[in-house]
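Chemist: okay, here's the prediction I keep looking at, along with the sequence it came from:
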Amino acid sequence: MGAQPHLARLRLHFLLSAIDACRLGGAAASGRLSPPASCELLDLGCGEGWFAAEAASAGAEVLAADVGREPLRRAALLHPHLRLVQIDPCAPLPFEDASFHIVWASEVIEHVPDTASWLSEVRRVLRPSGKLLITTPAHEPLALLRGALMPSAFAREFDPRSDHLRFYNRRSLRALLAEFRFTEVSISTACGLWGARAIMLASARRQRF
């Protein structure tokens, strides 16, 4: 309990950069030079709340949500200041339209059974021009080649006991986001030590209309 997530600092830098841009951009749009504007952020699939707590410390107004009761119980113990809500994976998100400037979904989309419904709901709760931030395992050609040549690597990546339901590369993720009317899609791939699982860091904006 309380351990840092995989590639935590890399993912956190990605998140905090978006929060800074959101707050400073909101302040500029309102004609204020300081302090930065508020930034409403939904951590969708928050787990134990590590990223949600860091986002709140950076000045975001955070709502942390997860489908699991136990992760939320641990999050409440570790971060009692967080606003936490349990969501039903088979129901629409229990939030009003255009509620958030940012939806942060880190290591979540690969677990989603109904990707189309999930992305539609994410788009609904984002404000016009709001930003979706996704991190997910990368399945680029080199990783697939390694799996083809090394049975042990294949077994790790495609373990039938894993709860990963979807497998993405940059091309497929970009096409998916574009299909659901997200624009300014940017995707990079990163990893830690040699041999560590690579992840994609993806950002996209909801179209204004």
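Modeler: Thanks, I have the structure now. Numbers count the residues shown, from 1 in each chain.
Chemist: you'd agree R11 is in a helix?
Modeler: Yes - the assignment for R11 is a helix, going by DSSP: H, G, I helix; E, B strand; the rest coil.
Chemist: okay, it and A198: tell me how far apart.
Modeler: 13 Å (CB to CB, to the nearest Å). C-betas here are computed from N, CA, C, even on glycine.
Chemist: okay, these two: which has more neighbours?
Modeler: The residue with more neighbours, out of R11 and A198, is R11; 23 against 16, by other CB atoms under 10 Å.
Chemist: go ahead and confirm that one touches S106.
Modeler: Yes - R11 lies in contact with S106 (CB atoms under 8 Å); the separation is 5.8 Å.
Chemist: what's the overlap in contacts for these two?
Modeler: Residues touching both R11 and S106 comprise P5, F51, T135, with contact defined as CB atoms under 8 Å, 6 or more residues apart in numbering.
Chemist: among these, which lie within helices?
Modeler: Among the shared contacts of R11 and S106, the members found in helices (DSSP state H) are F51.
Chemist: give the buried subset of the shared contacts of R11 and S106 as a ChimeraX selection command.
Modeler: Remark: buried members of the shared contacts of R11 and S106, expressed as a ChimeraX selection using 16 or more other CB atoms under 10 Å:
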select :51,135
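Chemist: tell me the one of the shared contacts of R11 and S106 nearest S129?
Modeler: Set against S129, the nearest of the shared contacts of R11 and S106 by CB to CB is T135 (21.2 Å).
Chemist: nearest residue to the closest one other than its sequence neighbours?
Modeler: In this structure, T135 finds its nearest non-sequential neighbour in S106, 4.5 Å apart by CB to CB, 6 or more residues apart in numbering.
Chemist: roughly how far apart are that neighbour and G2?
Modeler: From S106 to G2 the distance is 17 Å (CB to CB).
Chemist: more neighbours, those two?
Modeler: S106 (26 against 11).
Chemist: for the protein, what spans make up the strands?
Modeler: Here the chain has its strands, by DSSP state E, at 40-44, 61-66, 83-86, 100-106, 126-137, 182-190, 199-206.
Chemist: out of those strands, which gets nearest to C22?
Modeler: Of these, nearest to C22 by CB to CB is strand 100-106, at 5.0 Å.
Chemist: shaky segments in the protein?
Modeler: The model of the chain has pLDDT under 70 over residues 27-36, 140-165, 192-196.
Chemist: deepest in the core, which of the strands of the chain is it.
Modeler: strand 40-44 (a mean of 28; mean count of other CB atoms under 10 Å).
Chemist: report the angle between it and strand 61-66.
Modeler: 10 degrees (axes from the mean of the first three to the mean of the last three CA atoms, to 10 degrees).
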